[in-house]
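>>> Below are the sequence and a predicted model for it; my questions follow.
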There are 2 protein chains.
Amino acid sequence: MQQLNVELGERSYPILIGHGLLAQPSRVAPLVGTRDVAIVTNTVVGPLYLDALREAIDRSASRRVVEIVLPDGEVHKTLDSISRILDVLVTNRLGRDATVVALGGGVVGDMAGFAAACYQRGVDFVQVPTTLLAQVDSSVGGKTGVNHAGGKNLIGAFHQPRAVITDTATLATLPDRELRAGLAEVIKSALICDAEFFGWLEQNVAPLLQRDPEALSTAIRRSCEIKSTIVGRDEREQGDRALLNLGHTFAHAIETATGYSTWLHGEAVGAGLMMAATMSQRAGWLDATAVERIALILQAIGLPTAAREVAGATALDLMRIDKKVKAGRMRFVLLQGIGHAVVTGDYPEAALGATLAAHFA
Amino acid sequence: MQQLNVELGERSYPILIGHGLLAQPSRVAPLVGTRDVAIVTNTVVGPLYLDALREAIDRSASRRVVEIVLPDGEVHKTLDSISRILDVLVTNRLGRDATVVALGGGVVGDMAGFAAACYQRGVDFVQVPTTLLAQVDSSVGGKTGVNHAGGKNLIGAFHQPRAVITDTATLATLPDRELRAGLAEVIKSALICDAEFFGWLEQNVAPLLQRDPEALSTAIRRSCEIKSTIVGRDEREQGDRALLNLGHTFAHAIETATGYSTWLHGEAVGAGLMMAATMSQRAGWLDATAVERIALILQAIGLPTAAREVAGATALDLMRIDKKVKAGRMRFVLLQGIGHAVVTGDYPEAALGATLAAHFA
């Protein structure tokens, strides 16, 4: 087992990474120490891991464990689902000292975390991510929330977990498409601030896709280190944390335009990374070789590099409501090289236009 | 104009108290400094003060001010209303740098604050309380949220305002019943930690009910000082802040049992203070003279001291889901004297039973 720490003063917490962790009472029980526990999962992950996790948590007679099984999919990441979770917490009279445990991917984690943030103005929260995307990205950092018909993640809260328990054994049951989608966030982490890691990824596409445990463990650990460091510097996204949104302004527009139903988040991030690379090149900040390397790794992993079913004008419209708008000016995370991302509102409008033309309909 | 400060480090903010403040651009505009502003009010307060406040805020051509007018009443303090506010914020594409302004009483403030906490994971928030209850209590301290059919304020967030603008001129239009209800929270403040203030209140019931500006201003200022001091010590209610819930465990049960429709919050607090006094006496901590003084001032103000339409068993059941339950044991704020409240789970069960028997059906 490996352990990292997210350093946030009194809100600091550990990330445990290991094989078979969620079924180990000695690891899990100390991190879920309250009398009342609610495990939130979905209809896909629940049947696979809920019994084992419950068994690992429920070791004392005084423990009360409630289960909430939601339908699967980003399309259900709505305020209505939050209301449903809260109804169960209230109906079962969970106290202020309850812990909400998220067992599943990013959607489950975002919703369980937001419900934990709102219930009685905030109860404890533990992440047990079971998708690569959640393990490398969404389970770390305390961003929780739901989508709105008008945009992705427009409703939510910052609510840090007490712990993240990453069981790499769960990746064995992950559909291939979701594995690829998760790797998009790994590439993102490397592009933001670690050129060496990007080089390592280029060399390890095959083992990663073959689910080589050592390769996956390295990718998860390094992605979590990068994210932890950035979140530790800027918990509330006043500055540097926005770097983690590389590719996401485009990705959110794709997901919103397609109704959260046909694209996986990681797939949209893959396309978004390509778009950010193109925009950076058009702005004169990234050379053709770097853009080519980014295109090649995305293609090797099997991620999309464009969104032909979304009109550029639609995407532009949706990006304007995205959270990165400040004082009316859209801000983007762009690349000044592989491993060097910057947040900026200072780019040529033509670079954005060219990007929309190149990658959207 | 008087000014207090709530000291919460980087979340510190001023409370301005004065006559006619909300119509003064020089006071209001600097505290609402963002381009995008959403004013949340209700159908009762809106017609009285919305134009004046909007005029005071909307001093530059680049300003965008959106208005959201909700139905009046605690019965509308629901997640559905939050969803409605968020819909308007999204539809109008308010950016992350927007300010949500609450113009109204405690219900409007709680909802506008919770919507501000959730929109884009938190935007700025300014309180313009127009009821005595909101001015002396609910606008200060950052508690926001909504009710659930299973209990009061079970869903919410801590989200501090950037400023509280208390215009005492708005009390001129306050219905008499709401004035009395607001005085319940003033009495509560005195009971918690200021015996001298309680004595002053006993001497000033008549001027307060006659809306003497000086008496009201004194009551508001001292109540805000008490609340600010306690909140400054314990923002997230890990300890001392729970003192501010004196009478509220009973009050919430009354409000929930009666469907948030027939009792004003302050009226329930009035009865709740009497119940806390009785329970303290039964526990042997408060003498008969003190209980009598509390009963007399509540009666002089015209506040209820019992809840005969609610069964004691129902109240008990509802109190168990109240947020003050810790590790399964109900905690109460009780009095060890006038001006000396304590939070405790260590009381004789018989004291609670006797209180339920004395003040409920």
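Done, it's in. Numbering: from 1, shown residues only, chains lettered A, B, ... in the order given.

>>> residue ranges of the strands in the stretch 251-361 of chain A, please?
For the stretch 251-361 of chain A, the strands defined by DSSP state E, counting those that start in this stretch cover A:325-326, A:329-330, A:332-335, A:341-344.

>>> Please identify the buried residues of stretch A:255-271?
Under the neighbour-count criterion of 16 or more other C-beta atoms under 10 Å in any protein chain shown, stretch A:255-271 has A:255-257, A:260, A:263-271 buried. Bear in mind the C-beta positions are built from the backbone N, C-alpha and C, glycine included.

>>> which one of those sits closest to A:Ala361?
Closest approach to A:Ala361 among the buried residues of stretch A:255-271 (C-beta to C-beta): A:Ala257, at 10.1 Å.

>>> who touches that closest one in this structure?
Counting by C-beta atoms under 8 Å, 6 or more residues apart in numbering or on different chains, A:Ala257 touches A:307, A:310-311, A:314-315, A:318.

>>> mind running it again at 6 Å?
If a contact means C-beta atoms under 6 Å, 6 or more residues apart in numbering or on different chains, then A:Ala257 has A:310, A:314 as its contacts.

>>> got the residues of chain A near chain B?
Listed as neighbours of chain B in chain A under the rule C-beta under 6 Å from any C-beta of the partner chain: A:79, A:83, A:86, A:90, A:93, A:95-97, A:118, A:120-121, A:148, A:150, A:154-158, A:321, A:323, A:325-326.

>>> roughly how far is stretch A:72-80 from the heart of the chain?
Offset of stretch A:72-80 from its chain centre (C-alpha atoms, centre = their mean, to the nearest Å): 15 Å.

>>> Look up which residues are beta-bridged to the residue nearest to A:Thr344 when sequence neighbours are not counted.
Closest residue to A:Thr344 apart from its sequence neighbours, by C-beta to C-beta, 6 or more residues apart in numbering or on different chains: A:Leu334 at 6.0 Å. Bridge pairing for A:Leu334 (DSSP bridges) gives the partners A:Val342.

>>> thought A:Leu334 was touching A:Thr278?
No. Assessed by C-beta atoms under 6 Å, A:Leu334 is found out of contact with A:Thr278, at 10.1 Å.

>>> returning to that earlier point: just put the buried residues of stretch A:255-271 in a markdown table and tack on distance to A:Gly109.
Compiled in a markdown table, those are given as follows (distance: C-beta to C-beta, whole Å):
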| residue | distance to A:Gly109 |
| --- | --- |
| A:Glu255 | 17 |
| A:Thr256 | 20 |
| A:Ala257 | 24 |
| A:Tyr260 | 16 |
| A:Trp263 | 19 |
| A:Leu264 | 15 |
| A:His265 | 12 |
| A:Gly266 | 14 |
| A:Glu267 | 18 |
| A:Ala268 | 17 |
| A:Val269 | 16 |
| A:Gly270 | 20 |
| A:Ala271 | 23 |
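
>>> mind checking the SS state of the closest residue to A:Cys118 other than its chain neighbours?
Spatial nearest neighbour of A:Cys118, excluding adjacent residues (C-beta to C-beta, 6+ apart): B:Ile155 at 5.0 Å. Following DSSP: H, G, I helix; E, B strand; the rest coil, we place B:Ile155 in the strand state.

>>> ok, the closest residue to A:Ala219 other than its chain neighbours - contacts?
Counting by C-beta to C-beta, 6+ apart, A:Ala219 lies nearest to A:Val186, which is 4.9 Å off, once chain neighbours are set aside. The contact partners of A:Val186, by C-beta under 6 Å, 6+ apart, come to A:136, A:219, A:223.

>>> Quick check: which element contains A:Val186?
Assigned by DSSP states H and E, A:Val186 belongs to helix A:176-193.

>>> Which strands and helices lie in contact with the following helix or strand past that helix?
Note on helix A:176-193: by DSSP H and E, the next helix or strand toward the C-terminus is helix A:195-203. Helices and strands touching helix A:195-203, as assessed by 3 or more C-beta pairs under 6 Å, 6 or more residues apart in numbering or on different chains; DSSP states H and E, comprise helix A:176-193.

>>> now what about the lengthiest helix in chain A, what contacts it?
Longest helix of chain A, by residue count under DSSP state H: helix A:213-233. Here helix A:213-233 makes contact (C-beta under 6 Å, 6+ apart) with A:2, A:4, A:6-7, A:15, A:17, A:135-136, A:140-141, A:168, A:186, A:189, A:197, A:204, A:207-208, A:240-241, A:244.

>>> For the stretch 51-200 of chain A, which segments count as helices?
Remark: helices assigned in the stretch 51-200 of chain A by DSSP state H, counting those that start in this stretch are A:79-91, A:106-118, A:132-133, A:176-193, A:195-203.

>>> got TSV for those, with mean pLDDT too?
Converted to TSV, the helices of the stretch 51-200 of chain A look like this (pLDDT from 0 to 100):
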stretch	mean pLDDT
helix A:79-91	96
helix A:106-118	98
helix A:132-133	98
helix A:176-193	98
helix A:195-203	98
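
>>> Next, A:Ile17: secondary structure please.
On the basis of three-state DSSP, A:Ile17 is classed as strand.

>>> okay, now it: neighbour count?
A count of nearby residues for A:Ile17, using other C-beta atoms under 10 Å in any protein chain shown, gives 21.

>>> next one: A:Arg211
A:Arg211 has 15 neighbours, counted by other C-beta under 10 Å.

>>> Now for chain A, the helix or strand with the poorest mean pLDDT.
Ranking every helix and strand in chain A by mean pLDDT, DSSP states H and E puts strand A:325-326 at the bottom, with a mean of 62.

>>> distance of the closest residue in space to A:His359 that isn't next to it in sequence from chain B?
Spatial nearest neighbour of A:His359, excluding adjacent residues (C-beta to C-beta, 6+ apart): A:Ala306 at 4.3 Å. Distance, A:Ala306 to chain B, by C-beta to the nearest C-beta, to the nearest Å: 26 Å.

>>> which residue does the stretch 101-250 of chain A bring closest to chain B?
Proximity of the stretch 101-250 of chain A to chain B (C-beta to the nearest C-beta) peaks at A:Gly150, 3.8 Å away.

>>> Contact partners for that residue?
A:321, B:90.

>>> cool, and the one 5 residues further on?
Contact partners of A:Ile155, counting by C-beta under 6 Å, 6+ apart, are A:145-146, A:148, B:86, B:118.

>>> Could you rerun that using 10 Å?
Shown in contact with A:Ile155 (C-beta atoms under 10 Å, 6 or more residues apart in numbering or on different chains): A:77-79, A:82, A:114, A:144-148, B:82-83, B:86, B:89-90, B:115, B:118-121.

>>> in the sheet, who's paired with it?
Beta-bridge partners for A:Ile155, by DSSP bridges, are A:Val146, B:Tyr119.

>>> same thing with the one 10 residues further on?
Beta bridges link A:Ile165 to A:Leu16 when assigned by DSSP bridges.

>>> wait, doesn't it sit right on A:Ile15?
Yes. In this structure, A:Ile165 is within contact of A:Ile15 by C-beta atoms under 10 Å, at 8.3 Å.

>>> shared neighbours, the two?
With C-beta under 10 Å, 6+ apart, A:Ile165 and A:Ile15 have common neighbours A:127, A:129, A:139.

>>> Okay, angle between the helix holding A:Val186 and helix A:106-118 too, please.
Inter-element angle recorded for helix A:176-193 and helix A:106-118: 70 degrees (by axes from the mean of the first three to the mean of the last three C-alpha atoms, to 10 degrees).

>>> Could I get the contacting residues of the residue positioned nearest the centre of chain A?
In chain A, the residue lying closest to the centroid (C-alpha atoms, centre = their mean) is A:Ser138, at 2.6 Å. Shown in contact with A:Ser138 (C-beta under 10 Å, 6+ apart): A:102, A:105-110, A:113, A:127, A:129, A:131, A:144, A:182, A:185, A:227, A:265-266.
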